[in-house]
Structures are given as C-alpha cells and as structure tokens.
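# no sequence on this one, just coordinates:
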C-alpha cells in the first residue's frame, strides 16, 4: 500500500487526509514513480477549495520528482532507475508512489539534484513560458512582475537578470524585498506602504512598462493597467486575490491594452516542446544563472500545514513535501 493525500470534500486545509491507496503495476504507456520531493503550488489551493472543480474524492498535486520503479508496455524513452520530474498529468502528486503517463515525465540532468528539481518543474517551467513564449522578452526591457519573492517569482528574478531584463517586482514586506533583490530583481515595490503604479512611473521616467506579469489578480488589476505603456500587455497569470473581471472599454481608456490569461497546457505540448523548455531551464541551472532550493519543507502527512503556510502569504520561494 502507498500513502497519499486525498480529499473527499472541498474546503479548508483540514479536508486533506493521509490515506492508504493501492498502486498497481504500470499499464501500456505508463510508469510507476517513487517520489523523493513533491512541490506545493498555489494552484493546489484552487483545487482544494473548489475554485477549480475536480470530481471527488480525489488526490492533489501535479508536480513532483522521483525515481522510475517500473515501466509498462510501449514505454521506450523512460527506463527503470531514471530520475524524473513532471508538472502535468492527473492530480495525485501528494503521494509517496504513483503510476503516471510516461509521456509527461521529464528526465533530470545529472547536475541537478532532486531537491533543486522539485522547486523547478512547475515554477521554473512557468517562468520559461511567461518570459519566453507568452510575452517573449528579448533583453533590455523593463517589466513589472507581481509577487517577486514567491516560488515562481524568485526564479523569474534570476531569469530576468540572466536575460538583461530590468525587473520591477512587487512584494508585501521589506524582508521579501531583500530576498527578491538578492535574486536579481532590480527594483522592489513594497505594496504595504508604496503605490505600485506611481513607483513604476517614477522608475521608468513616466513611460511605464511594456508588460506586466500579474499572478495576484483582482487586488492588483488597476495598478497593473496604470503601470503599462500604451498598447502594453497585461499577462494575467494567476488570481491569488480573486478573479479578474475587465470591462473592455477600460482597456481602451488605459491605452489600448492587450490582456491574456495563459494556461500552461497550451504552451507545453507536444512532448518534444516540453523537453525543449526543460532543456532551456536546466541549462540556466547548470550554468549557475538560476539557483533554487526549497525555502520550506513539510512531511507528506503535514500537507495541510503546508497549505496554511502558503495561504498566510508568509512563505518565500518554494515549498515542498517530503514523503
């Protein structure tokens, strides 16, 4: 029997329960993976609370690393003993072992530890698709990035620095501002005491920025729009404060603004493209341009406590579960 976090109803962290589950042999096109680290992402909270509906009961988590224990018929590019990570596939990463579609597994380079990789699968690949695909940065731009000290944010800080991009990052505290700056964020705005749009205009000599990456949503929408240049782009890549609702006329008033709400699934397929994205990400890691380690670790059984910490907005960087 394997151990897995399951939930039978939506609600607060208390609905997450550690249960015994049956894990059989992998079928055609599948592999069985024993996890070493499991990532906790804010999207997990959306599933737990029902913002993103799932059939119940269900598992939770989409992002983990581990070792392949067995492969099913027809699997040729993954073998027993391979270290792998994944970020897409069915929910259920909050477990010590599970059977997965082999096509979603990404081989890990020798120079990247499981511990590091656990902070990069979803978060590093998110930075890749935001910066290299959704609004492709070329270097030399000045951008606004919300939640710069979060799990994705700290990787984004380093990626921006590596590309020669000047990143203005919003944070909630002075402590988080120092962490973001240490990771390459050129300017920080402490939202508890500074006006975001006003500071962006000051930093950019009144011009504003060509793009805002906004994972906060409802609470930062107007500041994001007011920070953009005419014909600028708002990348609404998250809604931690609530959903974004925009009157299209407002976009015209604010400068003919472009808005996109990207989803990873539309940028990561087919498999060959996913592997190219991972190669670019791991290339930065192996070259020392991106350094990432978990900032908070919890036992698998304490997944509810991990969710409480994340929802409190007191965490920085990546949070992982250890089976």
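Okay, I see it. The model shown is predicted, which means the values in this text are computed figures rather than measured ones.
# now do stretch 181-199, average pLDDT.
Average pLDDT, stretch 181-199: 97.
# buried ones in it?
181, 183-191, 196-197, 199 (16 or more other CB atoms under 10 Å). C-beta: built from backbone N, CA, C; applies to glycine.
# stretch 272-290 too?
274, 277, 278, 281, 282, 284, 285, 290.
# closest to residue 219 among the residues you listed?
Proximity of the buried residues of stretch 272-290 to residue 219 (CB to CB) peaks at residue 290, which lies at 28.4 Å.
# for residue 209, what are its contacts?
141, 142, 143, 144, 168, 200, 227, 228, 229, 232 (CB atoms under 8 Å, 6 or more residues apart in numbering).
# which residues sit against the host helix or strand of the fourth one?
With the criterion set as DSSP states H and E, the secondary-structure element containing residue 144 is strand 142-145. The list of residues contacting strand 142-145 from outside it, by CB under 8 Å, 6+ apart, reads 137, 153, 156-157, 160, 165-170, 185, 196, 200, 203-204, 209-213, 224, 227.
# mind checking which of these land in helices?
Of the positions in these, 153, 156, 157, 160, 196, 200, 203, 224, 227 sit in helices, assigned by DSSP state H.
# and the longest strand along the chain, what does it pack against?
Secondary structure of the chain per DSSP state E: the longest strand is strand 30-40. For strand 30-40, the packing partners by 3 or more CB pairs under 8 Å, 6 or more residues apart in numbering; DSSP states H and E come out as strand 64-71, strand 83-86, strand 97-101, helix 114-117, helix 121-129, helix 303-311, strand 318-322.
# okay, how far is it across stretch 128-138, tip to tip?
13 Å (CA to CA, to the nearest Å).
# other residues contacting it?
When contacts are defined by CB under 8 Å, 6+ apart, stretch 128-138 is touched by residues 143, 156, 159-160, 163, 165, 211, 213, 233, 235, 237, 260, 262, 264, 267-268, 277, 280-281.
# buried subset of those, written for ChimeraX?
Buried subset of those, written as a ChimeraX selection, criterion 16+ other CB under 10 Å:
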select :143,156,159,160,163,165,211,213,233,235,237,262,264,267,268,277,281
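# if we can go back for a sec, counting neighbours, which of the contacts of residue 209 comes out on top?
Highest neighbour count within the contacts of residue 209, by other CB atoms under 10 Å: residue 144, with 31 neighbours.
# got the contact list for the nearest residue in space to that residue that is not next to it in sequence?
The spatial neighbour of residue 144 that comes closest, neighbours along the chain excluded (CB to CB, 6 or more residues apart in numbering), is residue 212 at 4.4 Å. Contact analysis of residue 212 by CB under 8 Å, 6+ apart lists 143, 144, 145, 146, 224, 227, 228, 232, 233, 234, 235.
# what bridges to residue 212?
Beta bridges link residue 212 to residue 144, residue 234, judged by DSSP bridges.
# how near is it to residue 237?
Relative to residue 237, residue 212 is positioned 10 Å away (CB to CB, to the nearest Å).
# please apply the same query to residue 117.
Distance from residue 117 to residue 237, by CB to CB: 22 Å.
# test my guess that residue 271 contacts residue 103.
Yes: the pair residue 271 and residue 103 passes the contact test of CB atoms under 8 Å, sitting 5.4 Å apart.
# those two: which has the busier surroundings?
Using other CB under 10 Å as the criterion, residue 271 and residue 103 rank with residue 103 on top: 18 against 14.
# contact partners for residue 318?
39, 118, 119, 123, 151, 154, 292, 293, 294, 295, 296.
# dihedrals phi and psi, the nearest residue to it once chain neighbours are set aside?
Distance criterion CB to CB, 6+ apart; nearest residue to residue 318, sequence neighbours excluded, is residue 119 at 3.7 Å. Dihedral pair for residue 119: phi -90, psi 0, per degrees, to the nearest 10.
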